[in-house]
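Enquirer: Sharing a sequence plus its predicted fold:
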Amino acid sequence: MSLEKDIMTAMKEAMKAKDQTALAALRAVKSELLLAKTSGDTADLSEEDEIKLVQKLVKQRKDSARIFSEQNREDLSEPELAQAAVLEQFLPEQLSEEEIAKVVEDIIAQTGAAGMKDMGKVMGMANQQLAGKADGRTISTIVKNQLT
């Protein structure tokens, strides 16, 4: 459970620095980790599960910020983006669009995908290979562009 230890260390630092934004984001991760541990069959989460959990929280924050921005509520959007930035430091380094495109090209070559009808097959393999390293929306956009 290295993520849990990292979160606790970061929480202590945020408390000392009186950084309320970081503290709120870290408490959300800690809460989700605790919920996942108590609701599942196993007491320990795999590293992959931890990454998925943090990705979900980052996505929620970014989606909320986007909605607030659309409604011209920058006062609510900015804290959400700040929390997302705090959480992103616990994720593996994200790949660039060019790197994702290269991986998708390789998958298309392996599977022999010819068109949009094969998108599900390509997306399944891409999501598996790029888990934690790329956003699903970005992967989907790149796959669509390459299959059309």
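Expert: Cool, got the structure. Numbers count the residues shown, from 1 in each chain.

Enquirer: Next SSE downstream of the longest helix along the chain?
Expert: The residue-count maximum for a helix in the chain (DSSP state H) belongs to helix 47-70. Following helix 47-70 in sequence order, the next helix or strand is helix 74-88 (DSSP states H and E).

Enquirer: in stretch 17-31, what's buried?
Expert: Asp19, Thr21, Ala22, Leu23, Ala25, Leu26, Ala28, Val29, Lys30 (16 or more other C-beta atoms under 10 Å). In this view, the C-beta of every residue, glycine as well, is placed from N, C-alpha and C.

Enquirer: average pLDDT across it?
Expert: The average pLDDT for stretch 17-31 rounds to 94.

Enquirer: Use 8 as the first number for this chain going forward.
Expert: Fine by me, first position is 8 from now on; the one you just mentioned is stretch 24-38.

Enquirer: Contact partners for the residue nearest in space to the middle of the chain?
Expert: When C-alpha atoms, centre = their mean is applied to the chain, the residue found nearest the centroid is Gln62 (2.3 Å). Contact partners of Gln62, counting by C-beta atoms under 8 Å, 6 or more residues apart in numbering, are Leu98, Gly139, Asp142.

Enquirer: can you give me the strands in the protein?
Expert: Assigned by DSSP state E, the chain shows no strands.

Enquirer: give me the low-pLDDT residue ranges for it?
Expert: For the chain, applying pLDDT under 70 flags the ranges 8, 47-50.

Enquirer: so where do the helices sit in it?
Expert: 9-24, 27-46, 54-77, 81-95, 104-118, 126-136, 143-154.
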